[in-house]
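> the sequence and its predicted three-dimensional model are supplied below.
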Amino acid sequence: MSRDHKPGCLKEKLRIEKVGGYVDDGYLNGQLAVARAIGDWHMTGLKEQGVEGPLSAEPEMQHVVLTEDDEFLVIGCDGLWDVFTSQNAVDFARKELQQHNDPERCSRELVTEALKRSSCDNLTVVTVCFKMEPPPRLGSAWRPRVRRSFSAEGISSLQGFLNECPPIEGLCNL
């Protein structure tokens, strides 16, 4: 239902450059990894009082007609999406809601899991259930496409560790 508001996305980059900002290595004005935010006003050069700057608090709006298939919605800030893909968050929330059907508890568990995955950014999550009953169990053949995910930082750390290790005789280098 949404897309990431990263500074490097073409639509956001064009908006940023139109108001005099720039994108450096994927960061808004070289400082921030998102192009839209409610907070972060303290960051110099991103927003002046009463002047449109490259950081926008204007939300991207959509009107969607819900169907019987729609079960819940997960709303989260970038600290969640840094360590969860959209599908991974849906799979995690669905499993939690099937167990206890408590959206507030589900939101807390998403935050806890994001912290376990070493999220280093703001973490706010809201889960909205569209039905009173828990999500139904899917057929036994269903398996989440992503069982576990690693953050880019985690993969980079692991690669750095592996590159520093001396080769072990008899094993291939990665």
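Cool, the structure landed.

> would you mind measuring from Ile75 to Cys106?
12 Å (Cβ to Cβ, to the nearest Å). Where C-beta positions appear, they are placed from N, C-alpha and C, glycine not excepted.

> of those two, who's got more company?
Neighbour tally, Ile75 and Cys106, criterion other Cβ atoms under 10 Å: the higher count belongs to Cys106, 24 against 13.

> pLDDT (mean, whole number) over whatever helix or strand that one lives in?
Take DSSP states H and E as the rule and Cys106 turns out to sit in helix 103-116. Helix 103-116 comes out with an average pLDDT of 97.

> contact partners of that helix?
Residues outside helix 103-116 that contact it (Cβ atoms under 8 Å, 6 or more residues apart in numbering): 72, 74, 76, 79-80, 82-84, 89, 92-93, 96-97, 100, 123-129.

> intersection of neighbour lists for Ile75 and Cys106?
Counting by Cβ under 8 Å, 6+ apart, the residues touching both Ile75 and Cys106 are Thr127.

> which stretches of the chain have low pLDDT?
39-51, 138-154, 156, 161, 165-174 (pLDDT under 70).

> what domains does the record give for it?
1-60, 72-162 (automatic domain parsing).

> of all those, which one is nearest Leu66?
domain 72-162 (6.1 Å; Cβ to Cβ).

> for that closest one, measure first residue to last.
40 Å (Cα to Cα, to the nearest Å).

> how far away from the center of its chain is it?
In terms of Cα atoms, centre = their mean, to the nearest Å, the centre of domain 72-162 is found 9 Å from the chain centre.

> quick one on the thing from earlier: buried residues in the helix holding Cys106?
Using 16 or more other Cβ atoms under 10 Å as the burial criterion, the residues of helix 103-116 that qualify are 103, 106-107, 109-111, 113-114.

> CSV for the domains of the chain, including distance to Leu66?
Shown next, in CSV, are the domains of the chain (distance: least, Cβ to Cβ, whole Å):
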stretch, distance to Leu66
domain 1-60, 11
domain 72-162, 6
